[in-house]
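> What follows is a predicted structure for the sequence shown.
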Amino acid sequence: MTDPREAAARYRARQQQGDDVADDADTAAPPGAAAAVDRAAFVESAIQVAIRRGDFDDLPGAGKPLEGLGDHHDPDWWIRRKIETEGLTGLGPPAILLRTEDRELDGQLDLLGRESDVREVLEDFNRRVREARRQLQGGPPVVTPLRDVDAEVVAWAQRRATRPAPSETPSRRRRFGRRRRG
C-alpha cells in the first residue's frame, strides 16, 4: 500500500518535469538533466513526507547540539571519534595513538611491580614519541610530551606507597574431600 502523499509528490514531480521540458525546448539541456531534477524533487518530497509522519522524531541526539562542536579546531576529529566509538586499539595515526597511551600510562605503570620495569616502559614510550615526531608521512602533529623518567619513577613509588597493602594473613580454606581431625 502506498502513501497518497507520496503518490501526489510523484505526480507533482512528473508534472514539473513535463513543464520544464516544454519551457526548456528552446535551450538545449544535457541528457538526463530532467531525470536528475525529477529524482531531486522526489527525494525532497519523500523526506518531507517522512518528517510529517514523524520518522525522524526519535533519532539519537535529536534536538541536541553536536558534541564537541566549537571546543577547539581538530582537523582529525572524525578519526579520533571513530576510534573512540568503535573501541579500536592499535589503529590510527601515531599522534592519536600516543595521546591515548599517554592518558592511560599512569594506570599501566601502577600495575608494574619493579622500578626497572617502570623505567623500561617509560624509555620505550619516550623513544616512540621521538620517532613519531621525526616522521614525515603526514597526519596530525605529535604534541604528546616526553615523560621525565626519574620524576615518573618517584610518582610511581609514591602512588605505590599510598596504595593499601594486601592482607598478609592467609585465609584458611578447607580443601575438598579432606576431613578435619579433632
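Here it is on my side, so go on. Numbering: from 1, shown residues only.
> Buried residues of the helix or strand encompassing residue 109, list them for me.
Secondary structure from DSSP states H and E places residue 109 in helix 94-110. For helix 94-110, a neighbour-count test (16 or more other Cβ atoms under 10 Å) marks 94-99, 101-102, 105, 109 as buried. Yep, even glycine has a C-beta here, placed from its N, CA and C like the rest.
> Run the chain-centre distance for that helix.
Helix 94-110 has its C-alpha centroid displaced from the chain centroid by 16 Å (Cα atoms, centre = their mean, to the nearest Å).
> How about residues contacting it?
Residues outside helix 94-110 that contact it (Cβ atoms under 8 Å, 6 or more residues apart in numbering): 76, 79-80, 83, 90-91, 118, 121-122, 125, 128-129, 132, 135, 139-145, 147, 152, 155-156, 159-160, 163.
> change it to 10 Å
The list of residues contacting helix 94-110 from outside it, by Cβ atoms under 10 Å, 6 or more residues apart in numbering, reads 74, 76, 79-80, 83-84, 89-93, 117-118, 121-122, 125, 128-129, 131-133, 135, 137, 139-147, 152-153, 155-156, 159-160, 163.
> And the helices in this protein, which stretches?
4-23, 33-53, 77-86, 94-110, 115-134, 149-162 (DSSP state H).
> Which strands or helices does the shortest one pack on?
Put plainly, it is helix 77-86. helix 94-110 (3 or more Cβ pairs under 10 Å, 6 or more residues apart in numbering; DSSP states H and E).
> Mind picking out the helix or strand in the protein with the poorest mean pLDDT?
In the chain, the helix or strand scored least confidently by mean pLDDT, DSSP states H and E is helix 4-23, which has a mean of 73.
> Next up, the contacts around residue 128.
94, 97-98, 101, 142, 144.
> Between those residues, which sits nearest residue 9?
Nearest to residue 9 among these is residue 97, at 48.9 Å by Cβ to Cβ.
> Out of the buried residues of helix 94-110, flag the one nearest to residue 58.
For those, the nearest to residue 58 is residue 96 (32.9 Å; Cβ to Cβ).
> doesn't residue 56 make contact with residue 49?
No - taking contacts as Cβ atoms under 10 Å, residue 49 lies outside contact range of residue 56: 11.2 Å.
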